[in-house]
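Undergrad: have a look at this prediction, sequence included:
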Amino acid sequence: MEEMRNVELVEGEEGRMCINMEWGAFGDNGCLDDFQTEFDVAVDELSLNAGKQRFEKMISGMYLGEIVRNILIDFTKRGLLFRGRISERLKTRGIFETKFLSQIESDCLALLQVRSILQHLGLESTCDDSIIVKEVCTMVARRAAQLCGAGVAAVVDKIRENRKLDFLKVTVGVDGTLYKLHPHFSFIMHETVKQLTPKCEVTFLQSEDGSGKGAALITAVACRIREAGVALTRVD
């Protein structure tokens, strides 16, 4: 909810307006270039909307598996994985599903889940291979959660500054399978927000409607009733 005095495209300064930020497009002007890796660039260039929605491509479940796949191919070409042998399945775009990240990071049984997924991709893996793959998945998911948390923190602190408050209590409504199903994503995101917003107390409210329809409206109404602030995000 943005203060009307800060909405440049609409006349008037009284009250507030609900803003759909479309934050997935953050970075399209090049401001994220220093944070993008060669793997992000590869995923972007081969996407249907190259050069657009760059922030989304670094944090969204739609793209994280593809980032991991590009990293694994690079490591294999350099002889760091799978004895330097790339399977034909691993060469297929989209074959490394983002759900694999959640399954791999949930694996506490001697990396059996990791090996099973790699076997499904036609890869003969050693124990060291499995450890490296799990570490890659951990880093890609962790970066996504931290970037997402940084985005939420920026919005939350802007709300506090707009309202000229020394301290703000705010609720963030969240929807998306990555946030719900990944074993560590939500915790890392929460911790990042907490670290970056020392003058705010942020509560996360998970949507349970399955499709995300009405999540923003429901959260806003619920928080208005409780006389709390509201910010909204979706992590696919």
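TA: Arrived safely. Nothing here was measured: the structure is a model prediction, and the numbers come from that model.
Undergrad: please make it C-alpha for all contacts and neighbour counts, starting now.
TA: OK.
Undergrad: which strands and helices lie in contact with the lengthiest helix in the chain?
TA: Criterion DSSP state H: the longest helix present in the chain is helix 127-162. With contacts taken as 3 or more CA pairs under 8 Å, 6 or more residues apart in numbering; DSSP states H and E, helix 127-162 sits against strand 2-3, helix 54-59, helix 61-77, helix 98-105, helix 112-120, helix 185-196, strand 200-206, strand 229-234.
Undergrad: could you pull up the mean pLDDT of that helix?
TA: Helix 127-162 shows a mean pLDDT of 95.
Undergrad: one more: stretch 96-110?
TA: The average of the pLDDT scores along stretch 96-110 is 86.
Undergrad: where does the protein have low pLDDT?
TA: Confidence mapping of the chain against pLDDT under 70 gives the ranges 109-110, 208-236.
Undergrad: centroid residue for it?
TA: With distances taken as CA atoms, centre = their mean, the chain has I59 as the residue nearest its mean C-alpha position (3.0 Å).
Undergrad: now it: closest residue in space, sequence neighbours ignored.
TA: A144 (4.3 Å; CA to CA, 6 or more residues apart in numbering).
Undergrad: re the thing from before, between the helices and strands packed on helix 127-162, which one is nearest to K158?
TA: Within these, the stretch nearest K158 is strand 2-3; the backing value is 9.1 Å (CA to CA).
Undergrad: check whether L111 really touches D129, as I assumed.
TA: No. Using CA atoms under 8 Å, L111 is not in contact with D129, being 10.2 Å away.
Undergrad: how many residues are close by T126?
TA: T126 has 12 neighbouring residues, counting by other CA atoms under 10 Å.
Undergrad: correction: the previous question concerned P183.
TA: P183 has 16 nearby residues by other CA under 10 Å.
Undergrad: I'd say it and L101 touch.
TA: No. P183 is beyond contact range of L101, at 9.4 Å (criterion: CA under 8 Å).
Undergrad: who's more crowded, L111 and D129?
TA: Neighbour totals were compared for L111 and D129, and D129 leads with 20 against 16 (other CA under 10 Å).
Undergrad: quick one: the more buried one from L81, how far?
TA: Remark: distance between D129 and L81 (CA to CA, to the nearest Å) = 6 Å.
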